[in-house]
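*Asks:* fold the following, please.
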Amino acid sequence: MTDKLTPDEVRRYRAHLLLKSVGGTGQQQLKAARVLVAGAGGLGSPALAYLAGAGVGTLGIVDGDHVDLSNLNRQIVYTAAAVGTSKTQQAAQFARALNPDITVIEHAERLTPENAERVVGDYHVVLDGLDNLDSRCLLAHTARALAIPVVSGAANGLDGQLTVFGPNPTDPGFDDLFPPGVAESAVMACEATGILGPVTGVIGTLMAMEAIKLVTGLGEPLIGRLMLYEGAAARFSEFSYGEPITDRGA
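*Replies:* Modelled structure (predicted):
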């Protein structure tokens with residue numbers, strides 16, 4: 001392991017270093033990691049904050065939008081003063097201010113078939129916080145072709161969902177959960193129906209957790225499992241793709 005921790009980093013990440021499941025080796029793995037956050041919105045904001053705070057050495061942010069006043073109930077990396085400015089620029093500024101030791105790469109553009117491989121290919125893990133089915137499909141297929149795992153989250157109303165598409169051809173992937181021809185309404189999107197801000201915080205934070213697990217080898221990632229969050233009932237459940245729902249009562 002070449003990414004040794006500095007004395008300041010040892011102090012900064014003391015809480016991680018005390019965990020036997022993370023420790024110095026895990027923190028060095030985080031420092032060496034390159035993680036892309038696709039979509040700096042309601043899901044990307046909390047994910048970005050926790051990944052920066054956790055010490056992921058290189059964070060990429062891809063988003064072509066500008067901050068709107070309607071974003072501020074859930075997109076916590078922005079302030080009212082940022083309205084009208086680039087989301088990527090503002091999100092990068094937030095991450096650098098939170099953790100000056102990390103590198104943040106800005107991709108101020110929308111993901112397209114022309115740029116997807118260039119944007120995605122330089123990262124070890126990708127987080128999908130995008131807001132439409134076509135972009136999610138493009139991201140997942142590009143990452144699968146490059147053998148890069150994808151942490152995919154979505155939220156709508158009072159509910160959210162989360163899964164991981166593994167990097168191997170034999171891992172359950174995007175097409176297993178959303179077969180070709182599936183309606184756009186099958187993927188949660190909040191622009192038309194509304195959303196309670198903390199729901200994106202729940203799912204975005206869990207996305208960061210899954211990314212950290214993938215980087216460090218901690219625990220069991222959600223590959224082939226879809227986790228569902230019902231905010232009104234305060235209930236988590238999950239099902240394996242193609243299998244009956246199993247309530248985990250978390």
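*Asks:* hey, let's count contacts and neighbours off CA atoms from now on
*Replies:* Will do.
*Asks:* tell me the contacts of His141?
*Replies:* The contact partners of His141, by C-alpha atoms under 8 Å, 6 or more residues apart in numbering, come to Phe174.
*Asks:* got the buried residues for the helix or strand hosting it?
*Replies:* Assigned by DSSP states H and E, His141 belongs to helix 133-145. For helix 133-145, a neighbour-count test (16 or more other C-alpha atoms under 10 Å) marks Leu133, Ser135, Arg136, Cys137, Leu138, Leu139, Ala140, His141, Thr142, Ala143, Arg144 as buried.
*Asks:* local confidence estimate at the residue nearest to the last one when sequence neighbours are not counted?
*Replies:* Okay, so that is Arg144. Nearest non-adjacent residue to Arg144, counting by C-alpha to C-alpha, 6 or more residues apart in numbering: Pro167, 5.6 Å away. pLDDT, Pro167: 96.
*Asks:* from Ala52, how far off is Pro167?
*Replies:* 23 Å (C-alpha to C-alpha, to the nearest Å).
*Asks:* quick one on the thing from earlier: number of residues surrounding the residue nearest to Arg144?
*Replies:* Around Pro167 there are 21 other residues, counting by other C-alpha atoms under 10 Å.
*Asks:* contact partners for it?
*Replies:* Ala143, Arg144, Leu146, Ala147, Ile148, Pro149, Val150.
*Asks:* residues contacting the helix or strand of the chain with the lowest mean pLDDT, please?
*Replies:* Least confident helix or strand, the chain: helix 174-177 with a mean of 92, by mean pLDDT, DSSP states H and E. The contact list for helix 174-177, computed with C-alpha under 8 Å, 6+ apart, reads Cys137, Ala140, His141, Phe165, Tyr241.
*Asks:* now with 7 Å?
*Replies:* Here helix 174-177 makes contact (C-alpha atoms under 7 Å, 6 or more residues apart in numbering) with Cys137, Ala140, Phe165, Tyr241.
*Asks:* could you check that helix and say which residues are buried?
*Replies:* Phe174, Leu177.
*Asks:* could I get the full set of strands for this protein?
*Replies:* Assigned by DSSP state E, the strands in the chain fall at 34-38, 58-62, 103-107, 125-128, 150-156, 159-165, 225-230, 235-240.
*Asks:* including mean neighbour count and distance to Ala82, could these go into a markdown table?
*Replies:* As requested, these are exported to a markdown table (neighbours: other C-alpha atoms under 10 Å; distance: least, C-alpha to C-alpha, whole Å):
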| stretch | mean neighbour count | distance to Ala82 |
| --- | --- | --- |
| strand 34-38 | 26 | 19 |
| strand 58-62 | 24 | 17 |
| strand 103-107 | 19 | 16 |
| strand 125-128 | 26 | 23 |
| strand 150-156 | 26 | 24 |
| strand 159-165 | 25 | 27 |
| strand 225-230 | 20 | 30 |
| strand 235-240 | 17 | 34 |
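*Asks:* a markdown table please, covering those strands and showing distance to Ile203.
*Replies:* Formatted as a markdown table, the strands of the chain follow (distance: least, C-alpha to C-alpha, whole Å):
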| stretch | distance to Ile203 |
| --- | --- |
| strand 34-38 | 14 |
| strand 58-62 | 18 |
| strand 103-107 | 22 |
| strand 125-128 | 11 |
| strand 150-156 | 6 |
| strand 159-165 | 6 |
| strand 225-230 | 8 |
| strand 235-240 | 11 |
